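[1] Prediction below, plus the sequence it came from.
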Amino acid sequence: MANCNVALKDLGSGNCRLIMDEVVRLGFVSTKKESGALNTITEVNAATLSNWQTLFDKPNFSSTVLEKVVMTDRIFEFTQEPIEPAVFEQGGYREVLDDGGTKFSFMIYGQTADYIKRMDELADNTLSVYFFDAGTRVWSPSDKTTMTPLRIQNMSVTPFKVKTKDSPAMATVTFTLYDPKAVNDLRSVTIASADIFDDTDFYSLIDADCTLSSPATSGYTLVIDTERDDEAVTGITTVTDVNAYDTTAPTVAIPCDSITESPNGTYAIVHSSPALSTGKTYTIKVTYSGYDIATATTGVIS
């Protein structure tokens, strides 16, 4: 794109070329932030892998819940098809009223029914999407400074198809664009030091439940397991990963003093300096990379 002279809008060979490899992942994001502003990312930040991982990996992202980017797993057969234009026809008179939209579709192979269900639940939200191609480039309309994902509508997910000896478990996803002509403004940014086929570079968080028991001024016990399979979430050792928030001052984090895991997924949490106060209720947030762990509450400390 370095030789693209936008001011002249020259159609000559070599100018303003769109070179896109096969789209192999999608990144879904809420169309708007909590503030009502459009969800965007600058091209400078988009080029930095760590920035995108920050968007993917937002444990307990309550303060910016709508800014999280949710990545799909590897997708297949991503296609774009025109939709029939709107046509008025009566008494032999025919007029094209609209240029018609654009429909995208792709296949998901080898996934569980639960994954398909979660994909289907996305269809109820107001979403936009980034395209990620096999060249580890992210694509969206851009003014050369700010990337604005494509707003989608009419998203549909077919029911889960069970695996047979002749075909894998699969589902088909389709959606249309709110503004079909937005694809004419697609630009790409190459994400540095990333492998688009590596799930550790492009991932979604695992939902986990957090159950609290034995609340006291000195601490409490947490049991943390995955929402899908009830597997123990192990390995939390950093004290700043577990914070208490007084419900009357919910922005002030009170880190714990020690964490002891025994058995797997069960954590004894100690608060000593400062200790928790009697007569108060605390919200407990656990921030652990790779997981989105539900908050827990102590109830009133006695």
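    Arrived safely.
[2] Okay, strands next: where are they in the stretch 201-302 of the chain?
    Ranges of strands in the stretch 201-302 of the chain, per DSSP state E, counting those that start in this stretch, are 206-216, 219-226, 242-246, 253-255, 258-261, 266-270, 281-286, 291-293, 296-300.
[3] Would you format the ones you listed as JSON lines with mean neighbour count and mean pLDDT included?
    Using the backbone N, CA and C atoms, a C-beta is placed for each residue, glycine as well. Below are these laid out as JSON lines (neighbours: other C-beta atoms under 10 Å; pLDDT from 0 to 100):
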{"stretch": "strand 206-216", "mean neighbour count": "16", "mean pLDDT": "94"}
{"stretch": "strand 219-226", "mean neighbour count": "20", "mean pLDDT": "96"}
{"stretch": "strand 242-246", "mean neighbour count": "21", "mean pLDDT": "94"}
{"stretch": "strand 253-255", "mean neighbour count": "14", "mean pLDDT": "90"}
{"stretch": "strand 258-261", "mean neighbour count": "15", "mean pLDDT": "97"}
{"stretch": "strand 266-270", "mean neighbour count": "19", "mean pLDDT": "97"}
{"stretch": "strand 281-286", "mean neighbour count": "20", "mean pLDDT": "94"}
{"stretch": "strand 291-293", "mean neighbour count": "22", "mean pLDDT": "90"}
{"stretch": "strand 296-300", "mean neighbour count": "16", "mean pLDDT": "94"}
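[4] wait, what's in contact with residue 116?
    108, 157, 159, 160, 171 (C-beta atoms under 8 Å, 6 or more residues apart in numbering).
[5] ok, back up a step: compare the strands of the stretch 201-302 of the chain and give me the one nearest residue 58.
    Nearest of the strands of the stretch 201-302 of the chain to residue 58, taken as C-beta to C-beta: strand 291-293 at 7.5 Å.
[6] ok, that closest one: who's next to it in the sheet?
    strand 206-216 (parallel) (DSSP bridges).
[7] what angle do the strand it pairs with and strand 219-226 make?
    160 degrees (axes from the mean of the first three to the mean of the last three C-alpha atoms, to 10 degrees).
[8] CA-only coordinates of strand 206-216, as PDB, when you get a sec.
    Extracted in PDB, the C-alpha atoms of strand 206-216 (Å, rounded to 0.1, in the frame of the first residue of the first chain):
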ATOM      1  CA  ILE A 206     -12.100 -20.100  28.900                       C
ATOM      2  CA  ASP A 207     -15.100 -19.200  31.100                       C
ATOM      3  CA  ALA A 208     -14.700 -20.400  34.700                       C
ATOM      4  CA  ASP A 209     -16.800 -20.400  37.800                       C
ATOM      5  CA  CYS A 210     -15.700 -19.100  41.200                       C
ATOM      6  CA  THR A 211     -17.300 -20.400  44.400                       C
ATOM      7  CA  LEU A 212     -16.500 -18.600  47.700                       C
ATOM      8  CA  SER A 213     -16.800 -20.200  51.100                       C
ATOM      9  CA  SER A 214     -15.700 -19.500  54.800                       C
ATOM     10  CA  PRO A 215     -15.500 -15.700  54.500                       C
ATOM     11  CA  ALA A 216     -13.800 -14.000  57.400                       C
END
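[9] Now do it against strand 242-246, angle only.
    Using the same axes, to 10 degrees, strand 206-216 lies at 60 degrees relative to strand 242-246.
[10] List the neighbours of strand 206-216 that are in contact with it.
    220-228, 233, 276, 282, 284, 286, 290-299, 301-302.
[11] Can you pull the domain assignment for the protein?
    Listed by automatic domain parsing, the domain ranges of the chain are 23-190, 206-300.
[12] can I get those domains in CSV with distance to residue 197?
    CSV is the format used below for these (distance: least, C-beta to C-beta, whole Å):
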stretch, distance to residue 197
domain 23-190, 7
domain 206-300, 18
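[13] Relative to residue 199, which of these is closest?
    domain 23-190 (7.3 Å).
[14] quick one: residue 273 from residue 217, how far?
    12 Å (C-beta to C-beta, to the nearest Å).
[15] nope, residue 33 is what I meant
    38 Å.
[16] still on that earlier bit, can you tell me which of the strands of the stretch 201-302 of the chain is nearest to residue 151?
    strand 291-293 (24.3 Å).
[17] With that, I have no additional questions.
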